[in-house]
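1. Quick one: sequence plus predicted model below, questions after.
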Amino acid sequence: MNIFVIMKRTFDTEEKIVIQNGKVDEESAEFIINPYDEYAIEEAIVLRDEHGGEVTVVTVGEEESEKQLRTALAMGADKAVLLNSEDVEEYDPFTTAFILSTYLKEQEYDIILGGNVAVDGGSGQVGPRVAESLGIPQVTTITELSISAGIATVVRDVEGDKETVEVALPILVTAQQGLNEPRYPSLPGIMKAKKKPLEVLDLDDIDLDEDDVLAKTETIEIFLPPEKQAGKRLEGGPAEQVNELVLLLTSEAKVI
């Protein structure tokens with residue numbers, strides 16, 4: 001089984017993020033594999049171990065993304081591919097999806113997995129755009145996956161409920177939290193990852209140039225959410241607390 005995972009390098013939202021000149025300051029940020037993509041990588045490895053074949057992890061990014069690709073290899077993926085976008089000044093979900101789909105059109109695949117969303121942008125567009133470009137079925141927000149006789153049985157999250165779908169391969173699916181528990185790279189896995197193939201392709205290697213992948217959208221502003229204000233403790237008896245609460249809701253919160 002030929003399994004591909006589309007992965008993104010994102011900043012760690014658990015760490016402090018600094019905005020400078022309308023952009024995330026990458027010098028002060030910690031970067032990781034997009035957490036939803038970790039579910040996709042884990043599921044790909046489970047499928048490979050069950051059905052045979054190999055797992056290839058693909059990302060669009062610059063040289064720094066090799067670190068996250070090596071982490072995916074240490075988790076158990078077989079190969080990695082970096083589609084180098086250093087010549088692209090501005091890109092959006094269209095750009096990323098177009099580069100990925102151009103590469104994947106020349107590959108043989110049974111299933112493509114990706115994260116449901118990226119924690120930095122949160123658009124959830126890249127996976128569906130890739131599937132549309134490749135002309136294959138897509139199933140998003142999946143929480144269970146099994147494959148038998150060329151048919152994938154998928155359970156997906158539907159606003160708190162579940163929907164079961166059967167789809168013939170090849171397909172693209174995007175992983176939701178709860179699909180699995182991603183493994184941590186082991187020391188032997190980290191050592192093996194150093195010897196696994198990591199291919200770097202420039203845009204011209206896949207017959208693209210900058211004009212082909214120009215962003216379709218423009219980011220107007222990036223800003224952090226306002227800091228949470230300190231809470232207030234209401235003093236006095238129940239009647240006094242109610243009166244003060246109503247006053248605060250009226251004069252400060254302005255919700256009543």
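-> Perfect, I can see it now.
2. where does residue 14 land in three-state SS?
-> The three-state assignment at residue 14 reads coil, by DSSP: H, G, I helix; E, B strand; the rest coil.
3. and the gap between it and residue 161?
-> 29 Å (C-beta to C-beta, to the nearest Å). No exception for glycine: its C-beta is placed from N, CA and C like everyone else's.
4. Those two: which has the busier surroundings?
-> residue 14 (10 against 7; other C-beta atoms under 10 Å).
5. Can you give me the buried ones in the strand ranked longest in the chain?
-> Longest strand in the chain, counting residues (DSSP state E): strand 138-148. Buried residues in strand 138-148, counting neighbours by 16 or more other C-beta atoms under 10 Å, are found at 138, 139, 140, 141, 142, 143, 144, 145, 147.
6. now swap in stretch 60-74 and tell me
-> With burial defined by 16+ other C-beta under 10 Å, the residues of stretch 60-74 counted as buried are 60, 61, 65, 66, 68, 69, 70, 71, 72, 73, 74.
7. That one spans what distance, first to last residue?
-> By C-alpha to C-alpha, to the nearest Å, the extent of stretch 60-74 from end to end equals 19 Å.
8. hmm, who's touching that stretch?
-> With contact meaning C-beta atoms under 8 Å, 6 or more residues apart in numbering, stretch 60-74 is reached by 5, 7-9, 31-33, 41, 57, 59, 79-86, 91, 95-96, 99-100, 185-186, 189-190, 192-194, 196, 198, 200.
9. could you redo the buried residues of strand 138-148 as TSV and give each row pLDDT and distance to residue 178?
-> Shown next, in TSV, are the buried residues of strand 138-148 (pLDDT from 0 to 100; distance: C-beta to C-beta, whole Å):
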residue	pLDDT	distance to residue 178
138	97	19
139	97	15
140	96	14
141	95	10
142	96	9
143	96	5
144	97	9
145	97	12
147	97	19
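10. ok now do the closest residue to residue 157 other than its chain neighbours, which residues does it touch?
-> Distance criterion C-beta to C-beta, 6 or more residues apart in numbering; nearest residue to residue 157, sequence neighbours excluded, is residue 141 at 4.6 Å. Residues counted as contacts of residue 141 (C-beta under 8 Å, 6+ apart) are 116, 156, 157, 158, 174, 176.
11. No more questions from me, cheers.
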